[in-house]
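what's the 3D shape of this:
(one chain, ligands or ions: 1)
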Amino acid sequence: MISEDAFRYHDGELFVEDVSLRKLAEEFGTPLYVYSKRTMVSALAAYHDAFHRFNPLICYAVKANSNLEIIRTLAERGAGADIVSGGELFRAIKANVPSQKIVFAGVGKTKEEIRFALNENILMFNVESAPELELISRVAKEAGKVAPIAFRVNPDVDPLTHPYISTGLKKYKFGIPLEDAPELYRRAAQDRHVKALGFQMHIGSQLTDITPYRDSLVKAVDLIKKLRREDIDLRYLDIGGGLGIRYNDEEVPTQGEMAELLEPLLLESRCQLILEPGRSIVGNAGVLLTETLYHKQTAEKSFLIVDAAMNDLARPSLYGAYHYMLPVRQTSAEVRVFDVVGPICESGDFLAKDRELPLMDSGDLLAVLGAGAYGFTMSSNYNSRRRAAEVLVDSTRYSLIRKRETYDELIQGEL
Ligand code: LLP
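Next up, the predicted model:
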């Protein structure tokens, strides 16, 4: 299970930092996302410390958890933002991320989004295809601006992770094939409306083996040096996000180990380093708190029916992802094997399959760990369920950072 010291039992009750989860459930109801500020702030600091020689810009991947207060908390501590939509740009601006610390990724940026980002003077667009380069150039020309860009290059390295969150292989939609990159950099150099400032890659997410970073970086540095010989001098090297976290018993590399492995190549690149971590900043900082509704026993199975569902946390249903679970009140009740399921009308609605847990009664609370990243941001209103509330804990203090949706908000916008 996760090793965060922010989540501990005190007198048989699970706390986040110095706040009892039972108390938060009583005050705000369930399902409830609860985050530890200390955990996310120290994860960001670990990146700054590990890579300090490269004066890194840590562009937090907003998609992992885009709550304004969380972006703001990280921005106050020097983080920028890696965004993938106009909506994320809007959030980053509202959360006071300096525009010169924003990078814009994604294979399908629209004209409107490009215009928005140009007007905000972001640091750079990470360009993923030749037609996108053309569109960015056209929009920049219309706006009388020069668009700062990096190409996202696909290094064709296997990140050894789940196929849905792998990106760095040729067969995926992401990035520009390595062999096409020099030609595109040359094309950009001839274009007055764009300026190539950087090289970007992102090979996948939840990497528990860091050697694929090194293998891709070898190719990246080769290309950067080759371009330099042609007088195309790139200032930024953006190596994306992707560092894994512990959901169960995985051995995960630290930021320090990553920095040590990559240091010689980063030095050789002579670029300023950009990183885009998401999960490794917020993933282990969050739990999804849920209440047991029923224990349903059939001839085949024991089901624990809880009030959180796949609309609240999609990862188990979508990726078969494993999330460790802890009862909020420590108990000596008999341990059985359960499927932990939500109220949604689909067999795919589960939070855990065949999981050993102590027998829980109606009203007992369960904490789903590792839910700080890609938890709330991937939640939906499926089955017209209202999206959960979010609370941020800071030692003995806590604040509601997003209200639970109301029924009225559910139909707002429908005509
Ligand atoms: N940069 C780019 C260009 C990305 O596409 C991503 C994630 C990141 C940075 C941040 O990666 P991280 O450090 O969080 O691994 N919903 C999936 C994860 C999808 C990741 C998509 N891209 C999940 O729940 O596992």
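
who's in contact with the closest residue to the ligand within the stretch 1-150 of the chain?
Closest to the ligand within the stretch 1-150 of the chain is Ala61: 3.5 Å, counting by CB to the nearest ligand atom. Where C-beta positions appear, they are placed from N, C-alpha and C, glycine not excepted. Ala61 makes contact with Asp82, Gly241, Glu276, Pro277, Gly278, Arg279, Ile281, according to CB atoms under 8 Å, 6 or more residues apart in numbering.

now for those: which two are most distant?
Asp82 and Arg279 (12.1 Å; CB to CB).

of these two, give the one with the bigger neighbour count.
Asp82 (31 against 26; other CB atoms under 10 Å).

any stretches of this protein with poor pLDDT?
Within the chain, the stretches with pLDDT under 70 are 1-4, 164-166, 168.

can you list the residues of it near the ligand?
Residues of the chain that fall close to the ligand, judged by CB under 6 Å from any ligand atom: 61, 64, 82, 105, 165, 202, 205-206, 240-242, 276-280, 315, 373-374.

how does it look with 5 Å?
For the chain, the residues in contact with the ligand (CB under 5 Å from any ligand atom) are 61, 64, 105, 165, 202, 205, 240-242, 276-279, 315, 374.

centre-most residue in this protein?
In the chain, the residue lying closest to the centroid (CA atoms, centre = their mean) is Ala64, at 2.5 Å.

can you list contacts of the one helix or strand Gly87 maps to?
In this structure, Gly87 sits in helix 86-94 according to DSSP states H and E. Contact partners of helix 86-94, identified using CB under 8 Å, 6+ apart, comprise 62-63, 66, 68, 71, 75, 81, 83, 99, 102, 104, 110, 112-113, 116-117, 120, 122.

check which helices and strands the next helix or strand after that helix sits against.
For helix 86-94, the succeeding helix or strand toward the C-terminus, using DSSP H and E, is strand 102-104. Where contact means 3 or more CB pairs under 8 Å, 6 or more residues apart in numbering; DSSP states H and E, strand 102-104 is packed against strand 80-83, helix 86-94, helix 111-119, strand 124-127.

tell me which helix or strand comes right after the one helix or strand Lys141 maps to.
Here Lys141, judged by DSSP H and E, is contained in helix 130-143. Using DSSP H and E, the next helix or strand after helix 130-143 towards the C-terminus is strand 147-154.

sheet partners, orientation included, of the next helix or strand after that next one?
For strand 147-154, the following helix or strand on the C-terminal side (DSSP H and E) is strand 176-177. Applying DSSP bridges, strand 176-177 is found paired with strand 147-154 (parallel).

tell me which residues in the partner strand are buried?
Going by neighbour count (16 or more other CB atoms under 10 Å), the buried part of strand 147-154 is Ala147, Pro148, Ile149, Ala150, Phe151, Arg152, Val153, Asn154.

counting contacts, what elements does the lengthiest helix in the chain pack onto?
Using DSSP state H, we find that the single longest helix of the chain is helix 211-229. Packing partners of helix 211-229 (3+ CB pairs under 8 Å, 6+ apart): helix 181-189, strand 194-200, helix 255-269.

helix or strand right after that helix?
Toward the C-terminus, helix 211-229 is succeeded by strand 236-238 as the next helix or strand (DSSP H and E).

which strands and helices sit next to that next one?
Taking 3+ CB pairs under 8 Å, 6+ apart as the contact cut, strand 236-238 packs with strand 194-200, strand 272-275.

quick check: longest strand of the protein.
strand 286-297 (DSSP state E).

who are the packing partners of that one?
Packed against strand 286-297 by the contact rule (3+ CB pairs under 8 Å, 6+ apart) you find helix 21-28, strand 32-36, strand 302-306, strand 365-368.

now render these as JSON lines, adding mean neighbour count.
Conversion of the helices and strands packed on strand 286-297 to JSON lines gives the following (neighbours: other CB atoms under 10 Å):
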{"stretch": "helix 21-28", "mean neighbour count": "17"}
{"stretch": "strand 32-36", "mean neighbour count": "27"}
{"stretch": "strand 302-306", "mean neighbour count": "20"}
{"stretch": "strand 365-368", "mean neighbour count": "25"}
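
got CSV for the ones you listed, with distance to Tyr324 too?
Formatted as CSV, the helices and strands packed on strand 286-297 follow (distance: least, CB to CB, whole Å):
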stretch, distance to Tyr324
helix 21-28, 15
strand 32-36, 15
strand 302-306, 15
strand 365-368, 8
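
nearest to Asp233, out of those?
Short answer: strand 32-36, nearest of these by CB to CB, at 41.1 Å.

name the next helix or strand downstream of that closest one, please.
Following strand 32-36 in sequence, per DSSP H and E, is helix 37-50.

that older thread, any shared contact partners between Asp82 and Arg279?
Common neighbours of Asp82 and Arg279 (CB under 8 Å, 6+ apart) are Ala61, Gly241.

the residue of the chain positioned farthest from its centre sits in which helix or strand?
Using CA atoms, centre = their mean, the residue of the chain lying farthest from its centre is Ala299. It sits 40.0 Å away. Using DSSP H and E, Ala299 sits in no helix or strand.

and it, how close does it get to the ligand?
34 Å (CB to the nearest ligand atom, to the nearest Å).

tell me the contacts of that residue?
By CB under 8 Å, 6+ apart, the contact list for Ala299 is empty.

can you check Arg355 too?
Taking CB under 8 Å, 6+ apart, one finds Met325, Val337, Phe338, Asp339, Val340 in contact with Arg355.

farthest pair in these?
Using CB to CB, the contacts of Arg355 span at most 12.8 Å, a distance reached by Met325 and Val337.

looking at these two, which one has more neighbours?
Met325 (23 against 11).

report the beta-bridge partners for that one.
As for beta bridges, Met325 partners with Val368 under DSSP bridges.

quick check: it vs Ser216, distance?
Distance, Met325 to Ser216, using CB to CB, to the nearest Å: 35 Å.
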